[in-house]
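> give me a 3D structure for the following:
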Amino acid sequence: MAANKFGRYVWLVDLIRCHPYITFKEISDKWEDCGLGDGKPLPWKTFMNHKDAVQTIFDIIISCDAKRGYGYYIEDADLLEGNSFRSWLIDSYATLNQLQADKKLEKRISFEKIPSGSKYLQIILQAMRQNCVVEITHQGFGRSHASTFQVEPYHLKVYNRRWYLIGRSVYLDDIRTYALDRILNVKVTDTTFKLPDSFDINEYFEGCVGIIADRDTDIERVVIKAYGWARKYLATLPIHDSQYEIASDDESTTFEMTVRPTYDFLQALLQQTDQIEVIEPQWVKDEICRFAENILSYYKKLNND
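Here you go, the predicted structure:
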């Protein structure tokens, strides 16, 4: 019953987010067809209770504008879209609602599966909630054996179908990133810590693409030129939030962004295959050329063999 109510709250937020200034009658009509209720109109009292619950649970205020036909809208909707967690939660649960309401859609929607790493999510979340140090056994790629050490868990992040833990290594006294699928064991200790007021995850990953926060790599201006399908692809799905278009003609679109050109960023460029060209800086262009030469050498060797 609790899960069903939560689903109703998410449904209401998602509906008003997608249809601002929607009237109560329109909301009630949508409710009849959504499959979450009993196929009957939405009672006014139930609507008001759901509206109050949405504010309590999600800190989202649903208001009514009498000047627009008593239409309901979400206050500070831009803030909701800018909050990646709340936006992701509502999007995900809204889709789940539809699957539960209509089993016909169950085999017609596919999700990206995160191969592993979720095994220890609940344990780490518990430690984060209580600000407890965790003892993890971790074996990174390229390591011949695992190591056991203590970490203050600061933040969890998903990137490229992997969960990552960002936290302070007690032994190294430094903030590190650990892939959860490389963790072999986690134990919550009795030792507590205080999350530093100075720690800001957005500042920590400032200018970064992906999960590598390499402070030895300066933030700088990168200019790329996109051709063919990559022109619209990058326009609708930017490599970085700072990306914007600075020039365009019949054959290409030129984008500029301000990033840390780490390995993750270079990988993002390589994903565009032969549809982009790095214009500047020169050292990034040289790195991409080096990757291309290495790839070419592999195939030349294969053909010679």
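
> and Val151, its phi and psi?
Backbone geometry at Val151, expressed as degrees, to the nearest 10, gives phi -140, psi 140.

> and if you look at Glu135?
According to degrees, to the nearest 10, Glu135 has phi -110, psi 120.

> which non-adjacent residue is nearest it?
Closest residue to Glu135 apart from its sequence neighbours, by C-beta to C-beta, 6 or more residues apart in numbering: Lys187 at 4.6 Å. In short, each C-beta sits where N, CA and C put it, glycine included.

> mind listing the helices for the stretch 1-150 of the chain?
In the stretch 1-150 of the chain, the helices defined using DSSP state H, counting those that start in this stretch lie at 2-18, 24-34, 44-58, 77-82, 84-101, 121-130.

> ok, longest helix in this structure?
Looking across the chain with DSSP state H, the single longest helix is helix 282-304.

> lowest average pLDDT across the helices of the stretch 1-150 of the chain?
Here the lowest mean pLDDT among the helices of the stretch 1-150 of the chain goes to helix 84-101, at a mean of 63.

> run through this structure and note the low-pLDDT ranges.
Filtered on pLDDT under 70, the chain yields the residue ranges 1-4, 79-112, 114-117, 305.

> change it to 80
1-7, 33-39, 77-119, 142, 301-305 (pLDDT under 80).

> what is the burial count for Ser118?
Residues lying near Ser118 (other C-beta atoms under 10 Å) number 11.

> for Thr258, same thing?
15.

> just to revisit the earlier point, what packs against the longest helix of the chain?
Helix 282-304 sits against helix 263-270, strand 276-280, with contacts defined as 3 or more C-beta pairs under 8 Å, 6 or more residues apart in numbering; DSSP states H and E.

> can you show me the CA trace of stretch 271-281 as PDB?
The C-alpha trace of stretch 271-281 is given here as PDB (Å, rounded to 0.1, in the frame of the first residue of the first chain):
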ATOM      1  CA  GLN A 271      33.200   7.500 -29.100                       C
ATOM      2  CA  GLN A 272      32.300   9.900 -32.000                       C
ATOM      3  CA  THR A 273      34.600   7.800 -34.200                       C
ATOM      4  CA  ASP A 274      35.600   9.600 -37.400                       C
ATOM      5  CA  GLN A 275      32.800  12.200 -37.200                       C
ATOM      6  CA  ILE A 276      34.700  14.800 -35.100                       C
ATOM      7  CA  GLU A 277      38.000  16.700 -35.400                       C
ATOM      8  CA  VAL A 278      39.800  18.300 -32.500                       C
ATOM      9  CA  ILE A 279      40.700  21.900 -33.400                       C
ATOM     10  CA  GLU A 280      42.400  23.000 -30.100                       C
ATOM     11  CA  PRO A 281      44.400  22.700 -27.900                       C
END
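
> and it, how far from the chain's centre?
Taking the mean of its C-alpha atoms, stretch 271-281 sits 24 Å from the chain's own mean (C-alpha atoms, centre = their mean, to the nearest Å).

> outside of it, which residues touch it?
220-230, 233-234, 254, 261, 269, 284-285, 288 (C-beta atoms under 8 Å, 6 or more residues apart in numbering).

> now with 6 Å?
Stretch 271-281 has contacts (C-beta atoms under 6 Å, 6 or more residues apart in numbering) with Val223, Ile224, Lys225, Ala226, Tyr227, Gly228, Ala230, Val284, Lys285, Ile288.

> equivalent analysis for stretch 58-74, please.
Counting by C-beta under 6 Å, 6+ apart, Val13, Ile16, Arg17, Pro20, Tyr21, Ile22, Thr23, Lys51, Val54, Gln55, Glu75 sit against stretch 58-74.

> Serialize these to CSV and add fields for neighbour count.
Converted to CSV, those look like this (neighbours: other C-beta atoms under 10 Å):
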residue, neighbour count
Val13, 24
Ile16, 22
Arg17, 19
Pro20, 13
Tyr21, 15
Ile22, 19
Thr23, 15
Lys51, 19
Val54, 20
Gln55, 13
Glu75, 11
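
> report the two of those separated the most.
Farthest pair in the contacts of stretch 58-74 (C-beta to C-beta) is Thr23 and Gln55. Separation: 19.7 Å.

> can you get me a residue count around the closest residue to Glu26 other than its chain neighbours?
Spatially, and ignoring its direct neighbours in sequence, Glu26 is nearest to His19 (7.4 Å; C-beta to C-beta, 6+ apart). His19 has 15 neighbouring residues, counting by other C-beta under 10 Å.

> show me what counts as buried in the longest helix of the chain.
For helix 282-304, the neighbour count (16 or more other C-beta atoms under 10 Å) marks Val284, Lys285, Glu287, Ile288 as buried.

> done for today, thanks.
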